[in-house]
Each structure stands twice: as structure tokens, then as C-alpha cells.
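Pasting the sequence and the predicted model now:
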Amino acid sequence: MAVLSTQGLTKKFGKFTALDGIDINVNPGEVYGFIGPNGAGKSTTIRILLGILKATSGEAQIFGKDVWKDAVDIHKRIAYVPGDVNLWPNLTGGEVIDLFVKLRGANNKNRREELIKKFDLDPSKKCRTYSKGNRQKVALVAAFSSDADLYILDEPTSGLDPLMERVFQECVGAVKREGKSILLSSHILSEVEKLCDTVGIIRQGKIIESGSLSELRHLTRANLLIQTKEPVPSLDTMEGVHNLTEKNQELSFQVDMEKLDTVLKHVSQFGVVKLESAPPTLEDLFMRHYEGKEVSEEKGGVS
């Protein structure tokens, strides 16, 4: 049974449709990457899941319970980190962490101390003195100190330096190994690629692609660098070949995964001296979707 699921989730603000039929499934022990640019609908979806906003239509359940009607029960078992953390200015970071952890009924002092050290946080300072990055650290320490079953993280590394991002990634790996589930909303593709099992790409309130990373990679292109003994004729006209360039007698290009076999058979006739292949990245897929959609929309908009 899915830990978190939505079916046909829709949210309208007046005439504006912020979410249009969102379907998400997060299974036990799974890290689900919810990606898209700012304004795509990620935070609106998360506010509905947290019971802050009521959906216009559709269904959303966490632990099999309705996110709107059973929000209080659900919150006992979830930890949430927003992308912009607001804290009580006169409390210290340590006091805020203790407050959040007690609200969830957890009391693992060792875990708390270990995380404060890992995130290099001074818990004795008042929250009003903290930078954005330190406010993020307070929220992350509080979240990972609690014994939650589901972590909802909305742009959680906003304001963190690369070293702290690595600490965050270690924390995600640790709770995943414990069988906990994570919904990670992000526009940092490298972060999603390192951490997530399943990805849903949202654009203008709609999920335009979803699946495991290996499934999604079939939809994008491999990056090839090839050097041959003889010139390769007609490569630029072959179906599935894109962005062909030549430098220092090396050919660099992208090829659609479904045409990779055909292209390699053609190239191998001309004496391959060097062949480097890089797997398609999530960024390739993401940009291909967005660029393709924008081009078609521009064409459609010309009267």
C-alpha cells in the first residue's frame, strides 16, 4: 500500500488552475523526486498534502487517511521542511529543535546532538541572528531527529553550501535505509538524480512525465564522443542523431536511446579508435521536455 497517493488532484484559485489532475504514488522506503521550475505547482501540491489548502477536486491520502479530514493524525507521523524557514526570533536554534521534536513525541538526544554536529550548527544562538542557511539547518535537524514515517521536503537545501548538501544527502540515505519514505520537491536536478528512486516532472500544474530514473532515461539521449580511422559519412542525416559537432578529429553528438544500436553499427564500419558514452542525465530529459514544449507553444501562438 502506498504511503502517499493522490488521484486527479486539482486546485483552482478563481479562474486560474494551479494543479490539473496530479497523480502521485510514494511507496514505503522510496524517495520520490517531485521536480519542476518555480511556479510549476510543487508547493501548492505540498500544501494540500499537509492539510493547509483544500483541493478543489480529486483525492489525496497519506497512510490511507484523507489529508484534509485527518490532518492532525497524519501530522503525528510526518516531518516537513519548507524551502524558506521562519523561526521564532527570540528562541535559540536548540530550543526550536527541542520544541519540534517534542511535538512529534520523539526524544532521541543522541540523534539530535549528532545532527547538530554534522550540520555544523550553533544551537545556542537566537534565531534572529541566523542566516537563511542556518535556519534551514534548524529545520533539517528537527526533521531528521524525529522518528517520522514520511518526510515531506520542499526545496530543503535552499541556502545550504555544497558541504551541507552532502550531509543532507547522507541523512536522506539513512532514513531510507530505515524503510521511511520521502517526497523531495526540488529544482536541483543533480540532487534528485543522486537521491531519488522515482521522479515526477511537473509543468504548469500537470505531471508531464513520471517513472523510475531508468525508465525515464529511455526517453532521452545518450552523449557520445567518437573517433574513427575514416570519416563517417551521413551521420548528421541519420535518424536519432542530434547536435553533431567535430573537434580535433573527434565527433561529439547525442543519440536517441532507441536508435543507439543502429547508429553504433553504422559508425563501427569506419574503424572506431575511441568511443566514450555518457548516460543521459535527468537534466537532459528535463530540458528536452521544457524546450520542446516551449517551441510547440510558441508555434501554436503564432496566428
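Good, I have the coordinates. Owing to the predicted nature of the structure, the values given are computational and were not obtained by experimental measurement. Numbers count the residues shown, from 1 in each chain.

ranges for the strands of the chain?
Assigned by DSSP state E, the strands in the chain fall at 4-13, 16-26, 31-35, 57-62, 65-66, 78-81, 150-154, 181-186, 198-203, 206-212, 221-228, 241-247, 250-256, 272-278.

Need these in TSV (columns: distance to Gly93).
Heads up, the C-betas are built off the backbone N, CA and C, glycines and all. Conversion of these to TSV gives the following (distance: least, C-beta to C-beta, whole Å):
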stretch	distance to Gly93
strand 4-13	29
strand 16-26	30
strand 31-35	27
strand 57-62	28
strand 65-66	32
strand 78-81	14
strand 150-154	19
strand 181-186	23
strand 198-203	33
strand 206-212	37
strand 221-228	44
strand 241-247	48
strand 250-256	47
strand 272-278	42
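
could those be laid out in a markdown table, adding mean pLDDT?
Below are the strands of the chain laid out as a markdown table (pLDDT from 0 to 100):
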| stretch | mean pLDDT |
| --- | --- |
| strand 4-13 | 96 |
| strand 16-26 | 95 |
| strand 31-35 | 93 |
| strand 57-62 | 96 |
| strand 65-66 | 96 |
| strand 78-81 | 94 |
| strand 150-154 | 96 |
| strand 181-186 | 94 |
| strand 198-203 | 91 |
| strand 206-212 | 89 |
| strand 221-228 | 88 |
| strand 241-247 | 88 |
| strand 250-256 | 89 |
| strand 272-278 | 90 |
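
of all these, which lies closest to Ser43?
Ser43 lies closest to strand 150-154 among the strands of the chain, at 5.9 Å (C-beta to C-beta).

quick one, that closest one and strand 181-186 angle?
Interaxial angle, strand 150-154 versus strand 181-186 (axes from the mean of the first three to the mean of the last three C-alpha atoms, to 10 degrees): 0 degrees.

ok, residues contacting strand 150-154?
Under the contact criterion C-beta atoms under 8 Å, 6 or more residues apart in numbering, strand 150-154 has outside partners 3-4, 26, 42-43, 46, 49-50, 62-63, 77-83, 143-144, 172, 175, 180-185.
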